[in-house]
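Engineer: Build me a model from this:
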Amino acid sequence: MTITRGPSNFVSILMILAAMTAEFHFEILTVSAAERLNVLMIAVDDLGNVLNSERKSTCKTPHLDAFAFSSVRFDRAYCQLPLCNPTRASLLTGLRPDTIGVYDLDRHFRDQVPDAVTLPQFFRQQGWFSARVGKLYHYDVPAGIGTNGLDDAPSWDYVVNPKGRDVAEEAIIVNPTPEKKVSAALSWLAAEGTDEEQTDGQIASEAIEILEKQIAGRDKKPFFLGVGFFRPHTPFVAPKKYFDLYPLESIELPKAPENDRDDIPIAAFAHNNPTPNYGLDELTCRKALQAYFASVSFVDAQIGRVLDAVQRLGLASNTVVVIWSDHGYHLGEHRGAWQKRTLFEESSRAPLLFRVPNAKGNGKACKAIVEFVDIYPTIVDVCGLEIATSLAGRSLRPMLDAPQQDREGAAITQVLRPADSRFSQPVMGRSIRTNRWRYTEWDEGREGIELYDHNNDPNEFHNLATEPTFQAQMVALKQQLSSKAIGTPPSTPFNPARL
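Structural biologist: This is a model prediction of the structure:
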């Protein structure tokens, strides 16, 4: 059974759905207790590529930086679709968005693949105790906080849904674009009170309690614990002390050439952010950036609490720890792009950190191109279990021992634009990222093409798609994009209103 506990210790019992098999059936393997590793999966909502461990950054993330230096840091990890619900559903099923038919914020992956075995469900079937605290599958933020959101009942034995004062204080959140909900606006609050009063502080506390109970003994089972933090998703809410880390006069917006957008297709920019910087002035944007950094530092502190508990409880030597964000995040790049839903580097690439006990690569960075669909088979592999052939990704286990080895690969990221004033029909964008290039097609090229040379243009300022010199390279990348397995198109319509 699944136990859901809210902020007031309200306990309700839900009967769990029968675990589904059939097309996605996995063999139950016999693994001795001594060999069975615990899994701690930490998800951060809308964390961009701002970690100091990756490169010099304004953002202060001491706990994530310390973890990065004891793990393998994948510097070029790419999500499959830069929007919360599709990317989480893809990562946790190990299947691409076209296979699960999830492109928007409403649809559940089981509508398309009812027999899928998710990553936590797989471990649950193998005898692991499977628990979730906070946001692993999709939730509306802040409206869904404290509920099950689009959770997946077969994935978990035990569920906790904290709800902190950040939800109760929604009315005092600063929103400079009041026509937008705070969930979609550059909105923020420098909150009163302690970390533990915020939802993410409660998530950390609940996760620590679960870890402590595991040490006390729960039938001696290994555990799969998913811990999902809601920040820095909008609204950017954190206690005031984290805002104080970032004096407003020290905050600068990203720089870009004046003509940066001139050679970029209309479809490249998210339909919910058609106007640069949402039409806001520079000072307001700097305040939003300050609030984003404050929220990141707040979440970093909560992750630090959980990781400290892993050490204190003696779990580090037999626990795989994976930290990821669901996608990257724009902070004003390309002259005023914010949040997600683009196929640029800032939105497609996201933090990914893997710590496996005794892995030879711990403390090193991996520069190989990897995908989020690789996470599922990697965790299964390092825990000594058999990888299902139905999964779309491949195990990164060799890179955990030798992060600097060459690995040929490419990453596919896609996003769907709804029919609106710009397009009479929905427009799919697909992008392939190789070691040197990013090639992007909108509606198979009918709504525009982009080509960026990361050796010479890491900020993707210069679209080379119209230059004759690069036509041969584009043909090769187009073939590679077409040949890489993407998935089966969905048979059920998506909801464009929720894109």
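
Engineer: and A411, what are its phi and psi?
Structural biologist: A411 adopts backbone torsions of phi -120, psi 140, taken as degrees, to the nearest 10.

Engineer: ok, now which ones touch it?
Structural biologist: 76, 78, 348, 369-371, 432-433 (C-beta atoms under 8 Å, 6 or more residues apart in numbering). C-beta here means a position set from N, CA and C on the backbone, and glycine is covered the same way.

Engineer: what's the answer for P398, then?
Structural biologist: 405, 407.

Engineer: Is it within a helix or a strand, and which one?
Structural biologist: Assigned by DSSP states H and E, P398 belongs to helix 397-401.

Engineer: Okay, buried residues for that helix please.
Structural biologist: Using 16 or more other C-beta atoms under 10 Å as the test for burial, helix 397-401 gives 397, 399-400.

Engineer: Quickly run through the sheet partners of the following helix or strand past it, with directions.
Structural biologist: Next helix or strand after helix 397-401 toward the C-terminus (DSSP H and E): strand 411-417. Strand 411-417 has the following sheet partners, assigned by DSSP bridges: strand 427-433 (antiparallel).

Engineer: Contacts for the strand it pairs with next, please.
Structural biologist: For strand 427-433, using C-beta under 8 Å, 6+ apart, the contacting residues are 76, 78, 267-268, 343, 345, 348-349, 369, 410-417, 438-443, 447, 450, 477, 480-481, 484, 486.

Engineer: Buried ones among those?
Structural biologist: 76, 78, 267-268, 343, 345, 348-349, 369, 410-417, 438-443, 447, 450, 477, 481, 486.

Engineer: low-scoring stretches of the stretch 1-150 of the chain, by residue?
Structural biologist: Residue ranges of the stretch 1-150 of the chain with pLDDT under 70: 1-34, 53-56.

Engineer: Run through the helices of it in chain order.
Structural biologist: 62-68, 84-93, 97-100, 119-125 (DSSP state H, counting those that start in this stretch).

Engineer: host element of L477?
Structural biologist: Going by DSSP H and E, L477 is in helix 471-483.

Engineer: Contact partners for the one residue sitting closest to the centre of the chain?
Structural biologist: Central residue of the chain (C-alpha atoms, centre = their mean): D326, 0.8 Å from the mean position. Residues near D326 by C-beta under 8 Å, 6+ apart: 43-46, 79, 84, 87-88, 91, 350.

Engineer: Arrange the contacts of A411 in TSV, one row each, with distance to R36 as further columns.
Structural biologist: Shown next, in TSV, are those (distance: C-beta to C-beta, whole Å):
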residue	distance to R36
R76	31
Y78	30
S348	35
I369	31
V370	25
E371	27
I432	37
R433	35
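
Engineer: Return the closest of the buried residues of helix 397-401 with respect to A68.
Structural biologist: Proximity of these to A68 (C-beta to C-beta) peaks at L400, which lies at 14.0 Å.

Engineer: and the closest residue to that closest one other than its chain neighbours, how far is that from Y329?
Structural biologist: Excluding the flanking residues, the one nearest L400 by C-beta to C-beta, 6 or more residues apart in numbering is A359, at 4.4 Å. Separation of A359 from Y329 (C-beta to C-beta, to the nearest Å): 28 Å.

Engineer: out of the two, which sits in the busier spot?
Structural biologist: Y329 (24 against 20; other C-beta atoms under 10 Å).

Engineer: what about the closest residue to S325 other than its chain neighbours, how many residues close to it?
Structural biologist: Nearest non-adjacent residue to S325, counting by C-beta to C-beta, 6+ apart: L47, 3.6 Å away. Residues lying near L47 (other C-beta under 10 Å) number 29.

Engineer: Pretty sure L47 sits against V296.
Structural biologist: Yes. At 6.5 Å, L47 counts as touching V296 under the criterion of C-beta atoms under 8 Å.

Engineer: Give the residues shared as contacts by those two.
Structural biologist: Contacts common to L47 and V296, judged by C-beta under 8 Å, 6+ apart, are P232.

Engineer: leaving aside the residues next to it on the chain, what's closest to the residue nearest to the centre of the chain?
Structural biologist: T87 (4.6 Å).

Engineer: Likewise for P232?
Structural biologist: S295 (3.5 Å).

Engineer: got the contact list for the residue nearest to D326?
Structural biologist: By C-beta under 8 Å, 6+ apart, the neighbours of T87 are 79-81, 326-327, 372.
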